[in-house]
Every structure is written in C-alpha cells, then in structure tokens.
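[1] prediction below, plus the sequence it came from.
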Amino acid sequence: MARTRLFNESKVLGGAMDAFRRQGFAGVSIKDLEQATGLTSGSIYNAYGDKDGLYRAAFNHYIDAVIRTRLRTYAGDDAGLDGLEQLFLSLLRSPDADEHGCLLTNAAVEFGAEPSVASQGVQEGFALLKQGIERVVAREMPAGRADVIVARLLILYQGILVLVRAGREANACVTVIESEFKQLREMRS
C-alpha cells in the first residue's frame, strides 16, 4: 500500500523544477534538491526513488504547469494567430524569461539526442508544442504551406528560449515575433 505523502507535491516539484532549470541535471546534487524542495534525502528517495525519478517527476510537472498551461491559454481550441503571437511573447515573461530558462530547452541542450533521463520529457514537450502550433496554423493558414510554417515557428520558439537563457537579445525578440506574425497575417489574406 502506498504511503500518503505528507508534503505539498506541487511545491516540492516546483522547487526541484527550478533547481534543475538553474543548474541542469548534472549540476544538481541531492543536497541542492534538499534545499530546493524542503525534503530530506530520505524523503526524496522514498517518494521518487532517486535523483532521476525526481527529475522525471519535476519535468512532468513542468510540462503540465508551464507548457500545457501556456498552450491552453494561448493556443487552445479557438485560438488564432493573435493567441499564438501572445504565446511567443509570453516566453519573454516569467517563468521562462528569467536567467534559468525553459526546462524543456535546457534539457534538450544538456542531453542532446542521446537516450537519457530527459528523453521522454523532451519528446513529449516538443510534441505538445508542435501540436499546439499545428492546430492554430491549420485553422489560420493556407494548407500547402502549413508544414513549413509550423517548422519555422518551432525554430523561432526554441531560438527565443535559447537567447533568453543566454541573456541575449530579449528586446529584439519582440520585434522579430511581431514581424513574423505580421507576415503570417499577410499570407492569410
């Protein structure tokens, strides 16, 4: 029988998520995770098995709390190009606009394409982003160009997050986003 957790799991996973965003998987120690989560190492191991298990749980929390929430807010069932543009502009606001960046982007850069503790989260996160962008593009843009537009927007999305993580060009990103969506609106006409 599973034991009842005596801690706020959302708070714990949020703390772990931020620690991994700040330092990467390799840079975070169990001591760091104790400080970030407020749990003892014994509680971390009992609840999540090990550092890998906590990372996976924190990554899933990130996908739900950040990526899915953003997609529902800005690229939901009735969203158009205006909503999608706001999704891109939201990247320049918390939580991803701080110096810690996006956990999905950070994990993709840290682990690359090799199988890792992040593989499932990276695959799911990118698939969700692509699906969200595809839904809007399918509704708003001519069918023959949809694949290229989706690819271009995914590249722009991740490029913005890399620049934000590196502390570069945040002001220029607004201009680029606005220009991109202006072009898309013109293509739609």
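    Cool, the structure landed.

[2] surely Phe181 and Leu87 touch.
    No. With contacts counted by CB atoms under 8 Å, Phe181 stays clear of Leu87, the gap being 10.4 Å. Backbone N, C-alpha and C define where each C-beta goes, glycine included.

[3] send me the helix or strand that contains Gln183 as PDB with only the CA atoms.
    Per DSSP states H and E, Gln183 falls inside helix 170-188. The C-alpha coordinates for helix 170-188 follow below in PDB (Å, rounded to 0.1, in the frame of the first residue of the first chain):
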ATOM      1  CA  ALA A 170      15.300  39.800 -25.400                       C
ATOM      2  CA  ASN A 171      14.300  43.200 -26.800                       C
ATOM      3  CA  ALA A 172      15.000  42.200 -30.400                       C
ATOM      4  CA  CYS A 173      12.800  39.100 -29.900                       C
ATOM      5  CA  VAL A 174       9.700  41.300 -29.600                       C
ATOM      6  CA  THR A 175      10.400  42.900 -32.900                       C
ATOM      7  CA  VAL A 176      11.100  39.500 -34.600                       C
ATOM      8  CA  ILE A 177       7.900  38.000 -33.100                       C
ATOM      9  CA  GLU A 178       5.800  40.900 -34.300                       C
ATOM     10  CA  SER A 179       7.400  40.800 -37.700                       C
ATOM     11  CA  GLU A 180       6.800  37.000 -38.100                       C
ATOM     12  CA  PHE A 181       3.200  37.300 -37.200                       C
ATOM     13  CA  LYS A 182       2.700  40.300 -39.400                       C
ATOM     14  CA  GLN A 183       4.000  38.200 -42.300                       C
ATOM     15  CA  LEU A 184       1.700  35.300 -41.300                       C
ATOM     16  CA  ARG A 185      -1.300  37.600 -41.300                       C
ATOM     17  CA  GLU A 186      -0.400  38.900 -44.700                       C
ATOM     18  CA  MET A 187       0.000  35.300 -46.100                       C
ATOM     19  CA  ARG A 188      -3.500  34.500 -44.800                       C
END
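
[4] quick one on the thing from earlier: more neighbours: Phe181 and Leu87, which one.
    The residue with more neighbours, out of Phe181 and Leu87, is Leu87; 21 against 18, by other CB atoms under 10 Å.

[5] the more buried one sits in which helix or strand?
    With DSSP H and E as criterion, Leu87 is part of helix 81-90.

[6] and the angle for that helix with helix 170-188?
    Taking axes from the mean of the first three to the mean of the last three CA atoms, to 10 degrees, helix 81-90 and helix 170-188 form an angle of 160 degrees between their directions.

[7] what residue ranges in this protein score low on pLDDT?
    1-5, 94-99, 189 (pLDDT under 70).

[8] go through it and flag its longest helix.
    Ranked by number of residues, the top helix in the chain under DSSP state H is helix 119-140.
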